[in-house]
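Participant: following is a predicted model, sequence given first.
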Amino acid sequence: MPIIPIRLWQGLRLYFAAMKQIWITKPGRPEVLRLQDAPDPILHTGEVRIRVEAAGVNFADIVGRMGVYQDAPDIPYVPGYEVAGVVEAISQGAPDLQEGDKVLALTRFGGYSDVVCVPYKQVFKRLEWMSATDAAALPVNYLTAYMMLVVMGSVRPGDKVLIHSVAGGVGLAALDICKILGAETFGTASPQKHAFLLERGLNHAIDYRNYDYERVVQDLTAGKGVHVVLDPLGGVHWQKNYRLLRPSGRLIHFGLSSLTPQKYRSWWPIVRGLAKLPFYTPTRLMNDNKGILGVNLGHLWEHAEMQRPWLRQIVSWYDEALFRPHVDRTFKFTAAAEAHHYLQDRKNVGKVLLLP
């Protein structure tokens with residue numbers, strides 16, 4: 001077989017190139033995801049083109065597929081918020097990177113692709129020995145957890161933190177960071193996941209399916225409650241979690257998963273859940289000495305300078321072997337629908353990834 005010079009090969013590949021992308025073709029169940037070909041993206045000023053090795057699957061992708069995510073583009077579109085891969089090309093105005101660099105990146109949709117173009121401010125060099133799967137598991141989950149616990153939650157050693165859905169991607173990231181910070185952790189999860197969570201360092205595993213977690217936490221804390229609650233559930237849970245806060249406590253919202261129990265779009269659970277949302281006046285918050293906070297990492301896209309030091313700290317902890325992200329399963333692009341089913345059925349313990 002003749003040897004083709006690398007530059008010629010790159011030129012031929014670019015001329016004939018077609019990337020693979022997973023599209024949400026219409027609102028609905030996971031089967032609406034379609035793998036399609038498209039021309040490789042064209043670089044614009046200040047962007048980096050990445051050959052993707054792994055892409056993260058997140059709950060925002062699921063609610064976007066269902067057609068109930070207000071931040072998502074109009075359907076059809078390519079979902080995906082995070083990738084890890086290798087720099088393939090760099091445009092003008094993208095400093096500190098070069099072809100061949102191993103990186104991880106945040107993407108504002110479009111991450112379910114084997115090639116992406118991303119503003120250089122959203123691209124981060126990864127450690128040479130960090131795997132692509134570990135790298136792809138970091139951006140969304142660990143930045144969200146870091147923002148909630150360190151930046152906004154001000155968690156200190158000895159604080160008691162309740163983590164809902166602790167076996168999920170954000171939940172495990174929060175557990176890892178709580179361990180580093182020296183917090184005492186309470187986590188809700190289905191009972192078959194408890195052994196893994198306790199081995200990973202969770203202090204108190206709570207079976208939310210068979211017990212009222214509010215009563216369990218009150219019993220475990222002698223009625224004093226916790227300092228911080230991380231709530232991805234919404235609905236009636238906001239009221240329960242607010243009651244669990246001790247004075248100076250912070251309730252941090254980062255999702256509304258309880259409002260989307262089905263795998264297809266249904267407005268009735270959403271309307272019913274929104275009708276149960278509590279209303280907190282400034283006077284009530286002052287009198288209760290409690291705080292209500294909200295986190296949506298996607299709304300910080302224009303504030304990359306804020307996220308960079310957070311991710312540097314996360315990578316530093318990784319480098320010190322203080323944690324490792326737990327990748328539960330990887331799925332090929334051709335099995336994207338199966339990946340969505342797996343995540344939405346709450347079978348995962350940790351991160352779910354797609355591999356081109």
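Facilitator: Nice, I can see it.
Participant: the longest strand seen in the chain: how far from the chain's middle?
Facilitator: For the chain, the strand with the greatest residue count under DSSP state E is strand 47-57. Offset of strand 47-57 from its chain centre (Cα atoms, centre = their mean, to the nearest Å): 15 Å.
Participant: quick one: the next helix or strand after that strand to chain centroid distance?
Facilitator: Next helix or strand after strand 47-57 toward the C-terminus (DSSP states H and E): helix 59-66. Averaged C-alpha coordinates place helix 59-66 at 12 Å from its chain's average position (Cα atoms, centre = their mean).
Participant: buried stuff in helix 59-66?
Facilitator: Within helix 59-66, the residues that count as buried by 16 or more other Cβ atoms under 10 Å are Phe59, Ala60, Asp61, Ile62, Val63, Gly64, Arg65, Met66. Every residue, glycine included, has its C-beta placed from N, CA and C.
Participant: list the contacts for the closest residue to Asp288 other than its chain neighbours?
Facilitator: Excluding its sequence neighbours, the residue lying closest to Asp288 (Cβ to Cβ, 6 or more residues apart in numbering) is Pro247, at 7.4 Å. Listed by Cβ atoms under 8 Å, 6 or more residues apart in numbering, the contact set of Pro247 reads Asp288, Asn289, Lys290.
Participant: now, which of these sits nearest Phe186?
Facilitator: Among those, Lys290 lies closest to Phe186 (Cβ to Cβ), at 17.4 Å.
Participant: wait, Gly201 touches Leu172, no?
Facilitator: No. Taking contacts as Cβ atoms under 8 Å, Gly201 lies outside contact range of Leu172: 10.0 Å.
Participant: those two: which is more packed in?
Facilitator: Legend: neighbour count by other Cβ atoms under 10 Å for Gly201 and Leu172, higher for Leu172 (30 against 13).
Participant: now the more buried one: how far from Gln122?
Facilitator: Per Cβ to Cβ, to the nearest Å, Leu172 is found 23 Å from Gln122.
Participant: repeat that for Ser190.
Facilitator: Separation of Ser190 from Gln122 (Cβ to Cβ) stands at 34 Å.
Participant: so which of those two has more stuff around it?
Facilitator: Gln122 (20 against 15).
Participant: which residue, other than its chain neighbours, is closest to the more buried one?
Facilitator: Nearest to Gln122 is Leu106, by Cβ to Cβ, 6+ apart, at 4.5 Å.
Participant: what are the phi and psi values at the one you found?
Facilitator: phi -90, psi 140 (degrees, to the nearest 10).
Participant: make sure it is actually in contact with Tyr81.
Facilitator: Yes. The pair Leu106 and Tyr81 qualifies as a contact (Cβ under 8 Å) at a distance of 6.4 Å.
Participant: common neighbours of those two, please.
Facilitator: What both Leu106 and Tyr81 touch, as defined by Cβ under 8 Å, 6+ apart, is the set Pro139, Val140.
Participant: residue ranges with poor pLDDT in the stretch 101-250 of the chain?
Facilitator: Counting by pLDDT under 70, the stretch 101-250 of the chain shows no low-confidence range.
Participant: so where do the helices sit in it?
Facilitator: Listed in chain order, the helices of the stretch 101-250 of the chain (DSSP state H, counting those that start in this stretch) span residues 132-136, 139-146, 169-181, 194-200, 213-220, 237-243.
Participant: now render the ones you listed as CSV, adding distance to Leu353.
Facilitator: Converted to CSV, the helices of the stretch 101-250 of the chain look like this (distance: least, Cβ to Cβ, whole Å):
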stretch, distance to Leu353
helix 132-136, 6
helix 139-146, 11
helix 169-181, 10
helix 194-200, 18
helix 213-220, 29
helix 237-243, 28
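Participant: for Trp301, which of the ones you listed is the nearest?
Facilitator: Ranking the helices of the stretch 101-250 of the chain by distance to Trp301, with Cβ to Cβ as the measure, places helix 139-146 first at 11.9 Å.
Participant: one step back: just the ones of the contacts of Pro247 in helices?
Facilitator: Counting by DSSP state H, the contacts of Pro247 place Asp288 in helices.
Participant: tell me the average confidence for the lengthiest helix in the chain?
Facilitator: Looking across the chain with DSSP H, the single longest helix is helix 304-319. For helix 304-319, mean pLDDT is 96.
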